[in-house]
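1. Got a predicted model here, sequence first, then my questions.
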There are 2 protein chains.
Amino acid sequence: MAKTTKMFKLVLVILVCSISLNLVFVFKMVNVLGGGDHHYFLELSWTKRAAAEAEYVAAISCSGHGRAYMDGLILDQDGNKEPVCECNACYGGPRCSQFLPSCAADANGGDPYFLEPFWMENAASSGVLVAGWHRMGYSFNFQPFMVMSKELESHIRELHALVGNAVTEGKYIVFGVGSTQLLNAAVHALSPQNSSSPARVVASFPYYPLSKQQTEYFNAVDYKFEGDASLWKNKSDAATMNLIELVTSPNNPDGQLKWAQLQGPNVKAIYDRVYYWPHFTAISAPADEDIMLFSISKLTGHAGTRFGWAVVKDESVFKRMSTYVLLNTQGVSRESQLRALQLIKVVLEEGGKPIFDFGYTTMSSRWEKLNETLSLSRRFTLQKIGAKYCNFLHKIRGPSPAYAWLKCEREEAKDCYAILKAANIIGRSGSLFGAEDRYVRLSLVKTQDDFDQLLHQVKKLISDEGSAKAI
Amino acid sequence: MAKTTKMFKLVLVILVCSISLNLVFVFKMVNVLGGGDHHYFLELSWTKRAAAEAEYVAAISCSGHGRAYMDGLILDQDGNKEPVCECNACYGGPRCSQFLPSCAADANGGDPYFLEPFWMENAASSGVLVAGWHRMGYSFNFQPFMVMSKELESHIRELHALVGNAVTEGKYIVFGVGSTQLLNAAVHALSPQNSSSPARVVASFPYYPLSKQQTEYFNAVDYKFEGDASLWKNKSDAATMNLIELVTSPNNPDGQLKWAQLQGPNVKAIYDRVYYWPHFTAISAPADEDIMLFSISKLTGHAGTRFGWAVVKDESVFKRMSTYVLLNTQGVSRESQLRALQLIKVVLEEGGKPIFDFGYTTMSSRWEKLNETLSLSRRFTLQKIGAKYCNFLHKIRGPSPAYAWLKCEREEAKDCYAILKAANIIGRSGSLFGAEDRYVRLSLVKTQDDFDQLLHQVKKLISDEGSAKAI
């Protein structure tokens, strides 16, 4: 009897355990498969492999100084065949754990990795699963020449309305393979056809050099790059000429807001507005120019997605730009469009506060640190950008430019790039932007490791200067 | 006592049930989370939302005559806000369930939906989950100007070796935003720089018109489109001229294998090889030309991905093409590259047998049906393509071209497009390909619904002809 009771108790305990385990499983199943939305209480089937693969690769440890990608090189690491860690500058080893102390600070390129931590934080909302049969055809909804997602277009309009950085009402939107493609598409669209003299493409110094490079390389009959806009300001024959002025505002390299220098019946302007986001500048009023270029690269940091858009007032210009994109690349990758849509959805969450707070905080902190360090020196100065009220952040905000535009002040310091290079700092020479070589552009948008190394080398340079009593 | 025993039995039964349920759950967890690979016994976390969203949209019923996409227009359907069904031609209604009987057969475009069922069948292996922080920068592995996935490149080389359709050993590969971009990049790369006379771009009739349109629209100083290659064959001054011959082989529109017409010290050829896959033609030998263009569009059917590649022998041409792609679009979308990699991995499975068997079977069956139907008429003929041994399929195989190149035979039938149009069949006029308008191209690569409607309208046209005793 006692034995039976004991046995009964044991069985009861096991039963309670088993039922509890079942409850845990039930809870877990709901948790695994539910996604916060009532649609998502589905059991995952065909997506499991892709999802698990993404999680597996994301979980590869790169010591916080790198990351592995699904299309990275496959190497045998610790006995497993897996994609290699792609390490930030100045870190090496299979797990990016080795700091390379003598490493130069590379502040040359514009890779917008400063936003990478934001997307790692927001992994769940920002991932996209692309089905094998997703948008195989050329057109959307089987409409010929419709190569743009209308859903994405409406989210872009919503985004501009939210941020207040551009007027899109009553305007057309063209997608391009980055603003890179749209820049040339716009130049092409504004150039006269079958004219005896080509349009002259100009920009005020310092200017973003891509258009010069494009214009010279593609070597079209209809337009020529002619350099500094201000040279054309007082020319008597400028009034009769076809002039296209490129205005990058905020400017690359110096972060200043710019306006077109030239006016006249045959003068047209293309506004490159890719840096006109709260990360980099105060949003004082919605931009309302006839042609404005934007890109996801400097909005969400996804330069590799190659997705940009133009906001265009004139229908004929819109049509010519669209034809250019069609004949050049048959539109923009549908994967890029799908991903851009998901990323912009995340940007729109909570009224844009999370991403723009993160972007502004990161960029202004970098600027302040660099500025503070350089203020100890008389050899080097940075561009001056004032504090300004931002309609989006609802506050007066200090500068947070994408690039530092550093000047070597000493008379003899004509090659600032070389001076920095000797101090293990790699910038981009002023002459590339049509300015003097006593200027150098230093990128502030890269990884935190990049910025830390830049600051470290700048501090070293300044302190060497101090110890040499060079101040 | 009996009561206790009864109770004990009941508890035991419940325990067995509960443990069984435990086992079911354990099995299910492993099954849900395992993916056939030992890596994948992970619990899914941040990918769940994206995976569930993809499955939710994929499960939207469009009656087998359409599909919903994640970036489709959102409309209120049956009380749910969800992406609309994008219906195949001749189907309508919110669920694509309504057949539109008077609908014209649209055989104009080249949307390669014939492979869509293959990817729906292979959903599990072909999906890709793109993490929010995937490849945000411009370059791969932080190497400047490295905008191509090396892993993808090596899979492309493996693919050509497997299919035996191109020699890639010792050659360079450039990625482009579809072969569309690469075509112009190649023309640009082959044109003389700073020459007094532009290169003349030619093609033998009938030819794929894109390059003519591009060349004329982009209007470069260095090259001009000059039409029919054969006109330059016996010209005395052709030997001293820079000539670029475009050779689409198998040809678009007529599916014939073509070779360059012109030879000489200043003659260069660009081989557009996008149709040189077992879907469309016998693979008799690996192509080994100096510049060969391929694209994923006609290999896997993903035209929307905008991914192509050039296989290039000469290093200087490779460099010029790479510069073109960089200045034009800063490379190809990294999402497109990631997806292309996954799709090519699936293509390579089982030695390529599943996809190429599917492609060849589908295309040859369409050709046979159309050919059989048209053989009842004397008014219309199709191009002749012979049976040939295919080194890949290891058999003699009949024709399976991407397009039918239909000829209106009657003397007075000079506008074949109009004749077909009147019979509710929309093709593409011969004159667009530099041929006579008594030819029309009919696309065979679209959806099965498109093809069925084409066949239906062709049968109707032929039977009307029969009843009118017109034969």
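-> Thanks, I have it.

2. which stretches of chain A aren't confidently modelled?
-> A:1-2, A:4, A:25-42, A:77-78, A:236, A:238, A:468-471 (pLDDT under 70).

3. burial measure for A:L262, as a count.
-> A total of 22 residues lie near A:L262 under the criterion other CB atoms under 10 Å in any protein chain shown. Glycine gets a C-beta too; all of them are placed from N, C-alpha and C.

4. does the nearest residue to it once chain neighbours are set aside belong to a helix or a strand, and which?
-> Distances taken as CB to CB, 6 or more residues apart in numbering or on different chains put A:E245 closest to A:L262, at 5.2 Å, once the chain neighbours are dropped. Assessed by DSSP states H and E, A:E245 sits inside strand A:243-248.

5. Repeat that for A:L338.
-> Counting by DSSP H and E, A:L338 is part of helix A:334-348.

6. So which other helices or strands are in contact with that helix?
-> Here helix A:334-348 touches helix A:123-126, strand A:128-130, helix A:150-163, helix A:296-299, helix B:334-348, going by 3 or more CB pairs under 8 Å, 6 or more residues apart in numbering or on different chains; DSSP states H and E.

7. which outside residues touch the fourth one?
-> Same thing as helix A:296-299. For helix A:296-299, the external contacting residues (CB atoms under 8 Å, 6 or more residues apart in numbering or on different chains) are A:112, A:178-179, A:274-275, A:277, A:279-280, A:302-303, A:305, A:307-308, A:340, A:343-344, A:347, A:402, A:445.

8. if we go to 7 Å?
-> Here helix A:296-299 makes contact (CB atoms under 7 Å, 6 or more residues apart in numbering or on different chains) with A:P112, A:G178, A:V274, A:Y275, A:W277, A:H302, A:A303, A:T305, A:F307, A:G308, A:A340, A:L343.

9. From chain B, how far out is the nearest residue to the fifth one once chain neighbours are set aside?
-> The one in question is A:W277. Leaving aside its chain neighbours, A:W277 sits nearest to A:L299 (5.5 Å; criterion: CB to CB, 6+ apart). Applying CB to the nearest CB, to the nearest Å, the value for A:L299 to chain B is 12 Å.

10. Then A:G264?
-> On the measure of CB to the nearest CB, A:G264 and chain B end up 24 Å apart.

11. Which strand or helix spans that residue?
-> Going by DSSP H and E, A:G264 is not part of any helix or strand.

12. And the residue of the stretch 151-300 of chain A that's closest to chain B?
-> A:V177 (4.0 Å; CB to the nearest CB).

13. Next up, the contacts around that residue.
-> Neighbours of A:V177 in contact, by CB under 7 Å, 6+ apart: A:R306, A:T329, A:V332, B:V177, B:T329.

14. again with A:C90
-> A:C90 touches A:F99, A:L100, A:C103, A:D449, A:Q453, counting by CB under 7 Å, 6+ apart.

15. same thing but 10 Å
-> By CB atoms under 10 Å, 6 or more residues apart in numbering or on different chains, the contact list for A:C90 reads A:65, A:96, A:98-106, A:447, A:449-450, A:452-453, A:456.

16. Turn the contacts of A:V177 into JSON lines, columns for distance to B:H160 and secondary structure.
-> Below are the contacts of A:V177 laid out as JSON lines (distance: CB to CB, whole Å; DSSP: H, G, I helix; E, B strand; the rest coil):
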{"residue": "A:R306", "distance to B:H160": "25", "secondary structure": "coil"}
{"residue": "A:T329", "distance to B:H160": "24", "secondary structure": "helix"}
{"residue": "A:V332", "distance to B:H160": "27", "secondary structure": "coil"}
{"residue": "B:V177", "distance to B:H160": "21", "secondary structure": "coil"}
{"residue": "B:T329", "distance to B:H160": "24", "secondary structure": "helix"}
